[in-house]
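Engineer: Everything below, folded, please.
(2 chains)
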There are 2 protein chains.
Amino acid sequence: MRTAFYISDGTAITSEVFGHATLSLFPVEFQHKTIPFVETVNRAHEVKELINKTVSAEGEKPLVFFTFVNPELSDIILSSNAVCYDFLTLASHVLKKELKTEPVPRIHRTHSIHESSYDFRIDAVNYALANDDGANIKNYEEADIILVGVSRSGKTPTSLYLALQYGIKAANYPMTEDDLEKGNYPKCLLPFKNKLFGLTIDPERLSLIRQERMANSKYASIRQCRIEVREVEMLFKKHKTSYLNSTKHSVEEISAKIISEAGLVRRKY
Amino acid sequence: MRTAFYISDGTAITSEVFGHATLSLFPVEFQHKTIPFVETVNRAHEVKELINKTVSAEGEKPLVFFTFVNPELSDIILSSNAVCYDFLTLASHVLKKELKTEPVPRIHRTHSIHESSYDFRIDAVNYALANDDGANIKNYEEADIILVGVSRSGKTPTSLYLALQYGIKAANYPMTEDDLEKGNYPKCLLPFKNKLFGLTIDPERLSLIRQERMANSKYASIRQCRIEVREVEMLFKKHKTSYLNSTKHSVEEISAKIISEAGLVRRKY
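Structural biologist: Prediction:
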């Protein structure tokens, strides 16, 4: 299997995202190797040697997606026996004409603690944990959004993703059978109706997820799951709460849809 | 301020990461707008109109970073009055020569629930939550890694990031004063010494973080923070536990370093 390297003087996350998205266009399998924090000439030479050994071992040039701020390090990687793709430099050549400005690369520009959004993101993670699963119903003033849905409909991973990636403070509240029987949102949510966003899920999928947690329980039975899902969706409609079905979507997709539909302000790009 | 659009038929995360990394090379401020899930001809025309209105309002062409699987949708965006950068198509032209294979784009290739790693990632999030802060010392068999450190040294956000982004099962255990007084890891950790990874932090920063949580407490005092940090670092050295200082690093950087140093297997690229 051909090897793809993702190399950088920082986390190499940008190289990974770009390289992986590009390679996924082709019906070919790759072995992926990330080498972050290549920050010295010595280390760059070590990495070059590693690349060259891969060529000897596999008989094929690996693909190398890389970004460096220091051109001396770029040059060492470029001199290896590989197909090198310095995609940010290529893009900056296009953009500098349009922006009529020279690029001024700085190290650790992205994915570092120096991004202005960083403290927001850590605060948001602490908020999401403290307000997970209806744990703390007194802090909803502070929420950017409150996810509601039945138990195991995907609220917790979504809250955490919104917090970690975007610095959005997402609380989540599980609608219990008690709440659903009353046919209304609980009192603690009513003052914050404009912050609510519903998650629903196909009852069959919900039952499977709950089985893993509590096999053969009433809680996991398909009948119970059907009742709860029907009732929570009725509630969303009655209160005109925006909602989406999480069954076939990843946390990335659910988060992107919520941000877009609820018009949330992101603290990070 | 000039506008940068990130547009896609999916989450637009790839466009955001690539576009943002490129723009961050330049000493220019941008207004960022993401438009995900542009999946129909009608919607693409709406977006084109929005782009063209931006030109009239700002007097400058916005920058548009986009990816589409359907070329009909690409063409609509390309016909807008903007600087359009179809970076994946450009990259695929380079790669198809090298790979001697035509690209076969599929919709929602990346960041979707169909990635084989998806269930791993959600399991890992549930694992990280259930094993946060020493909550469950019986499940360490299952851990890929166990983060250890004093209270508030960055263990929880790092565990969650490792889980959400990479599907790595990370437990975390807070070394209490009690543990530190005994001068050894607690019994529950000793059988898993090879899975431990330490986080430390500058005492001044630790004291600030703890002050926010419990102002004027012994717990937050600089003296207490100094003692705990010194003792935990001695312990890391005594047991030859790999560790790093989280003070000046983001969760992305800490995670990348841990994966690289501990040789962890990632389930997602």
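
Engineer: ok, A:Ser221 to A:Ile227 distance?
Structural biologist: From A:Ser221 across to A:Ile227, the span is 9 Å (Cβ to Cβ, to the nearest Å). For the C-beta atoms, the positions are set from N, CA and C on the backbone; glycine is no exception.

Engineer: the strands in the stretch 101-250 of chain A, which residues?
Structural biologist: Along the stretch 101-250 of chain A, the segments classed as strands by DSSP state E, counting those that start in this stretch run A:145-150, A:170-175, A:196-200, A:243-245.

Engineer: How about the contacts made by A:Asn126?
Structural biologist: Residues counted as contacts of A:Asn126 (Cβ atoms under 8 Å, 6 or more residues apart in numbering or on different chains) are B:Thr156.

Engineer: And the residue located most distally from the centre of chain A, which helix or strand is it part of?
Structural biologist: Distance from the C-alpha centroid of chain A peaks at A:Ser56, with 36.7 Å (Cα atoms, centre = their mean). Assigned by DSSP states H and E, A:Ser56 falls within helix A:41-58.

Engineer: what's the answer for A:Glu16, then?
Structural biologist: Using DSSP H and E, A:Glu16 falls in helix A:13-23.

Engineer: I'd like to know which elements that helix is packed against.
Structural biologist: strand A:2-8, strand A:30-35, strand A:63-67, helix A:87-99, helix B:13-23, helix B:87-99 (3 or more Cβ pairs under 8 Å, 6 or more residues apart in numbering or on different chains; DSSP states H and E).

Engineer: State the next helix or strand along the chain beyond the shortest one.
Structural biologist: Scanning forward in sequence from strand A:63-67 by DSSP H and E, the next helix or strand is helix A:71-78.

Engineer: List the buried residues in that following helix.
Structural biologist: Neighbour counts over helix A:71-78 (16 or more other Cβ atoms under 10 Å in any protein chain shown) mark A:Leu73, A:Ser74, A:Ile76, A:Ile77 as buried.

Engineer: which residues are in contact with that helix?
Structural biologist: Here helix A:71-78 has contacts from A:7, A:9, A:38-39, A:41, A:44-45, A:47-48, A:51, A:64, A:66, A:68, A:84, A:86, A:89, using Cβ under 8 Å, 6+ apart.

Engineer: gap between it and the chain center?
Structural biologist: Between the centre of helix A:71-78 and the centre of its chain there are 31 Å (Cα atoms, centre = their mean, to the nearest Å).

Engineer: how's chain A carved up into domains?
Structural biologist: Chain A resolves into domains spanning A:2-99, A:118-262 when parsed by automatic domain parsing.

Engineer: related to what we said a few turns ago, out of the contacts of helix A:71-78, the closest to chain B would be?
Structural biologist: A:Thr89 (8.9 Å; Cβ to the nearest Cβ).

Engineer: Now do the contacts for that closest one.
Structural biologist: Applying Cβ under 8 Å, 6+ apart to A:Thr89 gives the contacts A:Thr67, A:Ser74.

Engineer: likewise A:Thr176?
Structural biologist: A:Ser151.

Engineer: let's see 10 Å
Structural biologist: A:Thr176 makes contact with A:Gly134, A:Val150, A:Ser151, A:Lys182, A:Pro186, A:Glu228 under the criterion Cβ atoms under 10 Å, 6 or more residues apart in numbering or on different chains.

Engineer: how close does it get to B:Glu253?
Structural biologist: For A:Thr176, the distance to B:Glu253 - Cβ to Cβ - is 40 Å.

Engineer: and of the buried residues of helix A:71-78, the nearest to chain B?
Structural biologist: Using Cβ to the nearest Cβ, the buried residues of helix A:71-78 come closest to chain B at A:Ser74, 13.5 Å.

Engineer: now the closest one: how far from A:Val104?
Structural biologist: 16 Å.

Engineer: Show the pLDDT at A:Ser116.
Structural biologist: The per-residue pLDDT reported for A:Ser116 equals 74.

Engineer: Compute the inter-axis angle for the helix holding A:Ser56 and helix A:71-78.
Structural biologist: 10 degrees (axes from the mean of the first three to the mean of the last three Cα atoms, to 10 degrees).

Engineer: buried ones in stretch A:243-258?
Structural biologist: In stretch A:243-258, counting by 16+ other Cβ under 10 Å, buried: A:243-247, A:249-258.

Engineer: how about these, which pair is most distant?
Structural biologist: By the measure Cβ to Cβ, A:Tyr243 and A:Glu252 form the most distant pair in the buried residues of stretch A:243-258, at 18.1 Å.

Engineer: where does chain A dip in pLDDT?
Structural biologist: A:269 (pLDDT under 70).

Engineer: OK, contacts around A:Ser92?
Structural biologist: Contacts of A:Ser92 (Cβ under 10 Å, 6+ apart): A:Asp86, A:Leu99, A:Glu102, A:Pro103, A:Pro105, B:Ala21, B:Thr22, B:Leu23, B:Leu25, B:Phe26.

Engineer: Which two among the contacts of A:Thr176 are spaced furthest apart?
Structural biologist: A:Ser151 and A:Lys182 (16.5 Å).

Engineer: Same drill for the two, tell me which one is more crowded.
Structural biologist: A:Ser151 (17 against 12; other Cβ atoms under 10 Å in any protein chain shown).

Engineer: residue contacts, the residue nearest to the more buried one when sequence neighbours are not counted?
Structural biologist: Of all residues not flanking A:Ser151 in the chain, A:Pro174 sits nearest, at 4.9 Å (Cβ to Cβ, 6 or more residues apart in numbering or on different chains). Neighbour list for A:Pro174: A:Asp132, A:Asp133, A:Gly134, A:Leu147, A:Val148, A:Gly149, A:Val150, A:Ser151, A:Arg152, A:Ser153, A:Lys155, A:Thr156 [criterion: Cβ under 10 Å, 6+ apart].

Engineer: what's the spacing between the closest residue to the second one other than its chain neighbours and chain B?
Structural biologist: When the adjacent residues along the chain are set aside, A:Asp133 lies closest to A:Pro174, with 5.6 Å between them (Cβ to Cβ, 6+ apart). Computed as Cβ to the nearest Cβ, to the nearest Å, the A:Pro174 to chain B distance reads 14 Å.

Engineer: same question, A:Ser221
Structural biologist: 21 Å.

Engineer: Next, give phi and psi for that residue.
Structural biologist: Note on A:Ser221: backbone dihedrals following degrees, to the nearest 10 are phi -70, psi 150.

Engineer: Chain B: which of the contacts of A:Thr176 is nearest?
Structural biologist: A:Ser151 (13.0 Å).

Engineer: I figured that closest one hits A:Leu206, correct?
Structural biologist: Yes - the pair A:Ser151 / A:Leu206 is scored as a contact, 8.7 Å apart, by Cβ atoms under 10 Å.

Engineer: Find the residues that touch each one of these two.
Structural biologist: A:Cys225, A:Glu228.

Engineer: thinking again about what came up before, quick one: which of the contacts of helix A:71-78 has the most company?
Structural biologist: Sorting these by how many neighbours each has (other Cβ under 10 Å) puts A:Ile7 first, at 29 neighbours.

Engineer: Tell me the bridge partners for that one.
Structural biologist: Applying DSSP bridges to A:Ile7 gives these bridge partners: A:Ile35, A:Phe66.

Engineer: Contact partners for it?
Structural biologist: Contacts for A:Ile7 (Cβ under 10 Å, 6+ apart) come out as A:15-16, A:19, A:33-38, A:44, A:47-48, A:50-51, A:64-68, A:73-74, A:77, A:80, A:84.

Engineer: repeat that with 7 Å
Structural biologist: Residues near A:Ile7 by Cβ atoms under 7 Å, 6 or more residues apart in numbering or on different chains: A:Ser15, A:Ile35, A:Val38, A:Val47, A:Val64, A:Phe66, A:Ile77.

Engineer: next one: A:Phe66
Structural biologist: Residues counted as contacts of A:Phe66 (Cβ under 7 Å, 6+ apart) are A:Ile7, A:Ser8, A:Ser15, A:Ile77, A:Cys84, A:Asp86.

Engineer: do A:Ile107 as well
Structural biologist: A:Asp9, A:Gly10, A:Val69.
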